[in-house]
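Asks: next come a sequence and a model predicted from it.
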Amino acid sequence: MTEPQPQAYHSPTERVQAWTEGSTLHIRFNNPAKHNALSVDMWQAVPPLLAQAEKDPALRLVVFSGAGEKSFVSGADISQFEDMRAAREAVKHYEVMAEEALMSIYRCAKPTLACIRGFCIGGGVNVAISCDIRIASEDAVFSIPAARLGLGYRLSALKNLVNLVGVGVAKDLFFTARRIDAAEAKSVGLITRVAPADQLPELLAEYTSTMAANAPLTVYAGKKIIEEMLKDDADLDRDMCKRLILDCFESEDYAEGRKAFMEKRKPAFQGK
């Protein structure tokens, strides 16, 4: 059976690069002169790329990274603050735009992974914690400097942070605005795995190859059910969770998985 091939992806700005390798879509923030600080066009580029990815049957994983070796994302491009955040309407527009980009990552139907090298500051942390998985090099540095800038922080970003690291650690990082290294970030649950800088590509390849081989419907069901678990009990859609599980058991992939197990071979999942 011929596997579907990924579509072509075109970013609307040169400051965001997008390309596919196998079944993985790479989205790279490309503003190295400013340590990949997020400009307006970079925020705006993310939602349409992810909307296309959701409809691409060949994709199994979306990876976010930063150009160069010094930064994943160093925060928002503060040179635009006077234009975009100084006046009330500009603030409202900027917040809506950033929220749309971050929620498009969080709600993406395909698994998302942040591959972090160097500085991961402010908006960079928000991008990372919107992803499903976070891996980093040993030289990565993390901080949420909002308290040093006097800006307000959106509810969804703080909620993601609390869900990931807990109330105590979230308050520590947010109130102090201190920087932490990759080892501490892993110890508090901000990231899941750390590798020496020269071995980060190898660690990423482990994830891309694993996701390419696993059953997409099962991964999707797990992602959606975990999202439901984070909601208040009254808002939890149990019927949807049951349907997702049933869809897995009724899928061609489940039949292929059983057959491959009996034949002692690797399954060839199609996401059907």
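Replies: Done, it's in.
Asks: mind listing the helices for this protein?
Replies: Remark: helices assigned in the chain by DSSP state H are 40-54, 81-84, 88-106, 123-130, 146-149, 155-165, 167-176, 182-187, 200-213, 216-229, 238-249, 252-263.
Asks: how is this structure carved up into domains?
Replies: Per automatic domain parsing, the structural domains of the chain span 16-212, 214-263.
Asks: with mean pLDDT, mean neighbour count and distance to G271 as added columns, please give those domains in JSON lines.
Replies: To be clear about C-beta, it is placed using only N, CA and C from the backbone, and glycine gets the same treatment. As requested, the domains of the chain are exported to JSON lines (pLDDT from 0 to 100; neighbours: other Cβ atoms under 10 Å; distance: least, Cβ to Cβ, whole Å):
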{"stretch": "domain 16-212", "mean pLDDT": "91", "mean neighbour count": "19", "distance to G271": "6"}
{"stretch": "domain 214-263", "mean pLDDT": "81", "mean neighbour count": "14", "distance to G271": "4"}
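Asks: make JSON lines out of those domains and add distance to P4.
Replies: Converted to JSON lines, these look like this (distance: least, Cβ to Cβ, whole Å):
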{"stretch": "domain 16-212", "distance to P4": "4"}
{"stretch": "domain 214-263", "distance to P4": "11"}
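Asks: out of those, which comes closest to F269?
Replies: domain 214-263 (4.5 Å; Cβ to Cβ).
Asks: that closest one: end-to-end distance?
Replies: Start and end residues of domain 214-263 are separated by 17 Å (Cα to Cα, to the nearest Å).
Asks: ok, stretch 110-124 next?
Replies: 20 Å.
Asks: report the distance from that stretch to the chain centre.
Replies: 7 Å (Cα atoms, centre = their mean, to the nearest Å).
Asks: numbering from 591 from now on, please.
Replies: That works, and once the first residue is 591, the last one we named lands at stretch 700-714.
Asks: for the nearest residue to E792 once chain neighbours are set aside, give the beta-bridge partners.
Replies: Leaving aside its sequence neighbours, E792 sits nearest to A785 (Cβ to Cβ, 6 or more residues apart in numbering; 7.2 Å). A785 forms beta bridges with S727, as assigned by DSSP bridges.
Asks: wait, doesn't A785 sit right on A795?
Replies: No. Using Cβ atoms under 8 Å as the test, A785 is too far from A795 to be in contact (11.0 Å).
Asks: out of the domains of the chain, which gets nearest to Q860?
Replies: Of all these, domain 804-853 comes closest under Cβ to Cβ, at 6.4 Å.
Asks: identify the residues contacting D825.
Replies: By Cβ atoms under 8 Å, 6 or more residues apart in numbering, D825 lies in contact with nothing.
Asks: please report how far it lies from M819.
Replies: Going from D825 to M819 by Cβ to Cβ, to the nearest Å gives 11 Å.
Asks: with Q789 instead?
Replies: 33 Å.
Asks: just want the most central residue of this protein.
Replies: Taking Cα atoms, centre = their mean, the centroid of the chain lies closest to C721, which sits 2.3 Å from it.
Asks: returning to what we had before: so which of the helices of the chain is nearest L703?
Replies: Nearest of the helices of the chain (Cβ to Cβ): helix 790-803, 5.9 Å.
Asks: for that closest one, what is the distance to the chain centroid?
Replies: 15 Å.
Asks: just the CA atoms of that helix, as CSV, please.
Replies: Only the C-alpha atoms of helix 790-803 are listed here, as CSV (Å, rounded to 0.1, in the frame of the first residue of the first chain):
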residue,chain,number,x,y,z
LEU,A,790,19.7,17.1,20.2
PRO,A,791,19.2,16.3,16.5
GLU,A,792,19.5,12.6,17.4
LEU,A,793,16.9,12.9,20.2
LEU,A,794,14.6,14.7,17.8
ALA,A,795,15.0,12.0,15.2
GLU,A,796,13.9,9.5,17.9
TYR,A,797,10.6,11.3,18.2
THR,A,798,10.0,11.8,14.4
SER,A,799,10.7,8.1,13.6
THR,A,800,8.6,6.9,16.5
MET,A,801,5.6,9.1,15.6
ALA,A,802,5.9,8.0,12.0
ALA,A,803,5.5,4.4,13.0
